[in-house]
Structures are given as C-alpha cells and as structure tokens.
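Undergrad: Dropping a prediction and its sequence here:
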Amino acid sequence: MRNQRELYCMRTENLDWNNRIIFVPDSKTADGRRMIPMSDRVYELLRVRAEGKGEGWLFPSNRSKCGHLTDLAKQFRTARAKAGLAKDLVLYCSRHDYGTRVLNNTGNLAAVMKTMGHRDVRTAMQYQHPELEMVRTALNRANGSALQTSL
C-alpha cells in the first residue's frame, strides 16, 4: 500500500475479516481502488490493532488535524538507525519489496498490477528481476519432459 494515501488512513470498516481483505477506497490512481489480500501475519497484527473497534481510523492520532497518522518517517529513521540499516532504505521500499516478492512467488504480473493499483504494465515490470537460472530450470524441465515421452 502507498504509505500516506492508503496505509496511514486505513479505516477499520474497510477490513473484511472473513475474507482477509483490505479494501483501499481512495488512491492516487483510478486503478488504486482495490482489494488487497491480507497475509496471515498482517491479519493477526491488524486484528490486535483493531480489537474492539467497529469503525474509525486504524492508526488514529490526536495530534493530527485529520485524525490519523500522516507520517512515520521519524519513527522509521529511528528504527533503521537502531537496526544499523543503510540510510538509503526508506519505508516506501516495502511497497517495492511486496511487488517483487509477489511476482517472484506467483509469476503473475496481472496479480501484482491488480493488488498494487497499476494500470500500465511498464510500471509493474519494475518488480520483475529476471534471473538466468530460472530460465535454465524451465528449459531443463521442458526438455526433461520431452526426453521422458520419447523414451
């Protein structure tokens, strides 16, 4: 999810607990309105966060005029420094990591586009990191199948 426009302003009523889906009602793009499946880990974390809430901001803030968090940059920088991570690691990297992991594990570019709110294939292609070994494995698998049928 995009940090400021989607994640920070998440509302409890946009979480479908039965189907483990997050509904994103507003985004920066027309295709940004979408459903995102929750991993088991996210489901458990959000369940704890939303406990006892039927509606409202999932990340409320009394200091914010809009009523919810608007930025986690300071907290992220502090955590990054404590963990000894490189300064070029930014919170938005997690969105790109999500796209890369989903594409690597599913091979389904359409699923990446749909869950990330992309319309243009070129935008989603940045998450594809082709590896020659993957191609070799696919070729060997195909060739092995052909050898088996000819024997």
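TA: Looks like it arrived, so ask away.
Undergrad: hey, let's count contacts and neighbours off CA atoms from now on
TA: Will do.
Undergrad: Next up, identify which helix or strand the most centrally placed residue in the chain is on.
TA: Centroid-nearest residue in the chain: residue 98, 4.4 Å away (criterion: C-alpha atoms, centre = their mean). Using DSSP states H and E, residue 98 sits within helix 93-106.
Undergrad: For that helix, name the packing helices and strands.
TA: With contacts defined as 3 or more C-alpha pairs under 8 Å, 6 or more residues apart in numbering; DSSP states H and E, helix 93-106 has these neighbours: helix 109-116.
Undergrad: could you list every residue that touches residue 120?
TA: residue 113 (C-alpha atoms under 8 Å, 6 or more residues apart in numbering).
Undergrad: any weak-confidence spans in the chain?
TA: Low-confidence segments of the chain (pLDDT under 70): 129-130, 132, 145-151.
Undergrad: how about the helices in it?
TA: Counting by DSSP state H, the chain has helices at residues 40-50, 73-83, 93-106, 109-116, 121-124, 132-150.
Undergrad: For residue 25, what are phi and psi?
TA: The phi and psi values for residue 25, taken as degrees, to the nearest 10, are phi -80, psi -20.
Undergrad: in stretch 37-46, what counts as buried?
TA: Judged by neighbour count (16 or more other C-alpha atoms under 10 Å), stretch 37-46 contains these buried residues: 38, 43.
Undergrad: So what's the residue count around residue 68?
TA: 19 (other C-alpha atoms under 10 Å).
Undergrad: That one and residue 115, how far apart?
TA: Going from residue 68 to residue 115 by C-alpha to C-alpha, to the nearest Å gives 23 Å.
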